[in-house]
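> Quick one, what's the 3D model for this:
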Amino acid sequence: MSPSSRHATVAVAAVVLCAAAWSQPAPDAGRPAAVIPLDAEPAAKLIVYPPLAGPLARGVVIVQYRTENFRIIPVFGKGAAEVSPRVGHLHVTVDDRPGTWAHTSGDPIIVVGLKPGAHKILIELADPNHKIIASETISTTVPEINSSGSHGHKP
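Sure thing, here's the model as predicted:
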């Protein structure tokens, strides 16, 4: 076969393959949409764990949490409330004080500077419009810290 006839054969084969591929129905034509409508999604859940013992012994409250059917990201407003899967943030309130803050990452919640004694932390799952979806309150006790100035270091 001459080089020119070989090129012609390859070109005809390519055209036939392209035409065949074009006439095929899309493989996803009968499948449901990849995005589930919000009203069909399972309910969002908030799971909060007790503060970590090691840091708490030093006066630092570190609270780990997780969510189900909900992602914590820094988005706000009506448009974000219509996103699937659901997104939002946490509201964190310590000891019923005014001054709730928005926690907008998957990182643990860290609270420092609390006086020794009993404390409670309210953690609320909020949609992008600050509507509360779920909440949990944890109680913890910050211990007295030895203020010898050594910060736990041995001489």
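
> going on from the helix-or-strand element of the chain with minimal mean pLDDT, what's the next piece of helix or strand?
When the helices and strands of the chain are scored by mean pLDDT, DSSP states H and E, helix 3-23 comes last with a mean of 46. Beyond helix 3-23 on the C-terminal side, the first helix or strand identified by DSSP states H and E is strand 45-48.

> I would like the residues contacting the helix or strand just after that following strand, please.
The helix or strand immediately downstream of strand 45-48 is helix 53-57, counting by DSSP H and E. Residues from elsewhere that reach helix 53-57, judged by CB atoms under 8 Å, 6 or more residues apart in numbering: 61-62, 140, 142-143. Backbone N, C-alpha and C define where each C-beta goes, glycine included.

> Which positions in helix 53-57 come out as buried?
Within helix 53-57, the residues that qualify as buried are residue 56, counting by 16 or more other CB atoms under 10 Å.

> next one: stretch 106-121
Neighbour counts over stretch 106-121 (16+ other CB under 10 Å) mark 109, 111, 114, 119, 121 as buried.

> cool, and stretch 74-84?
75-76, 80-81, 83.

> where does residue 115 land in three-state SS?
Of the three states, residue 115 takes coil according to DSSP: H, G, I helix; E, B strand; the rest coil.

> who's in contact with it?
residue 142.

> Equivalent analysis for residue 123, please.
With contact set as CB under 8 Å, 6+ apart, residue 123 has these partners: 46, 48, 63, 65, 90-92, 103, 109, 135-138.

> Identify the farthest-apart pair in these.
Of all pairs drawn from the contacts of residue 123, the one with the longest distance (CB to CB) is 103 and 137, at 15.0 Å.

> about what we covered before: which one of the buried residues of stretch 74-84 is nearest to residue 69?
Using CB to CB, residue 83 comes nearest to residue 69 of the buried residues of stretch 74-84, at 12.6 Å.

> how about the closest one, what does it touch?
Under the criterion of CB under 8 Å, 6+ apart, the contact partners of residue 83 comprise 75, 128.

> Helix or strand: which one has it?
Since the elements are taken from DSSP H and E, residue 83 ends up inside neither a helix nor a strand.

> Now, the contacts of helix 53-57 that are in strands?
61-62, 140, 142 (DSSP state E).

> Make CSV out of the buried residues of stretch 74-84 and add pLDDT.
Supplementary listing: those in CSV, determined by pLDDT from 0 to 100:
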residue, pLDDT
75, 89
76, 90
80, 87
81, 85
83, 80
